[in-house]
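[1] pasting the sequence and the predicted model now:
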Amino acid sequence: MIRTPVNPWPWSLPLGYNQAEIITGQTRQLLCSGQTAVDATGAPQHPGVMRGQLALALDNLQAVLGAAGMSLDNIVRLTVYATDVDAALRNFDLLGERFGPLCLAPPMTLLGVTRLALPPLMIEIEATAAD
C-alpha cells in the first residue's frame, strides 16, 4: 500500500493529520466499529477520566487491528466522537504518541456528541484500515 498525503494547506500537519491521503496498491480493507474504553467483558472503564478513556480506546483499537493482522500503520481514516471536545483535544497528545513514531497522520474528524452508547463513555474511535 502506498500513501500519498494531500495537503493544499499545511495547518493540519502540526495537529497530526493530513487533509487527505491517496491510497494505492491496497489489497484488504478493514472497517472498525467505534472502539471505546471498555474491558474484555464490555464494562466501561475510567469513568469521568478522558485521558484514561482515550488511552484504553486506542488500546482496544490496536487489539482489533491486531486480530485482523494489521496495526496502526494500516489506518487510513479516523473518526473520533467525544462528549467533551475540549477535554479530548487536551489529551490528543496520546494520538501523537502512537502515530508520531510511525510518521503517519491519517485523515481524521473529531465530532462533539451529546452522549455515546453507554453513559459513562466519553470518547469513541472509529477507524478504516487497509493493506
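    Great, that's in hand. Here the structure is a predicted model, which is why all the values come from computation and not from measurement.
[2] what mean pLDDT does the longest helix along the chain get?
    In the chain, assigned by DSSP state H, the helix with the most residues is helix 50-67. Averaging pLDDT along helix 50-67 yields 97.
[3] now stretch 94-103
    94.
[4] span of it from start to end?
    Taking C-alpha to C-alpha, to the nearest Å, stretch 94-103 runs 14 Å from one end to the other.
[5] can you give me the helices for the chain?
    Using DSSP H, helices in the chain cover 50-67, 85-90, 93-99.
[6] ok, residues contacting the first one?
    Read it as helix 50-67. Here helix 50-67 makes contact (C-beta atoms under 8 Å, 6 or more residues apart in numbering) with 30, 32, 35-38, 45-46, 71-72, 74-75, 82, 84, 87-88, 90-92, 94-95, 98, 121-125, 127, 129. In short, each C-beta sits where N, CA and C put it, glycine included.
[7] pull out the buried residues from that helix.
    By 16 or more other C-beta atoms under 10 Å, the buried positions in helix 50-67 come out as 50-58, 60-62, 65.
[8] distance check, Arg28 against Asp73.
    13 Å (C-beta to C-beta, to the nearest Å).
[9] actually Asp39, not the one I wrote
    26 Å.
[10] of those two, who's got more company?
    Asp73 (14 against 10; other C-beta atoms under 10 Å).
[11] just give the closest residue to Ala127, not the sequence neighbours.
    Nearest residue to Ala127 in three dimensions, chain neighbours excluded: Cys32, at 4.4 Å (C-beta to C-beta, 6 or more residues apart in numbering).
[12] for that neighbour, report the pLDDT, please.
    95.
[13] does it touch Thr128 like I think?
    Yes: the criterion here is C-beta atoms under 8 Å, and Cys32 meets it with Thr128 at 7.1 Å.
[14] neighbours of the nearest residue to Tyr81 once chain neighbours are set aside, how many?
    Excluding its sequence neighbours, the residue lying closest to Tyr81 (C-beta to C-beta, 6+ apart) is Glu124, at 4.4 Å. The number of residues packed near Glu124 is 22, by other C-beta under 10 Å.
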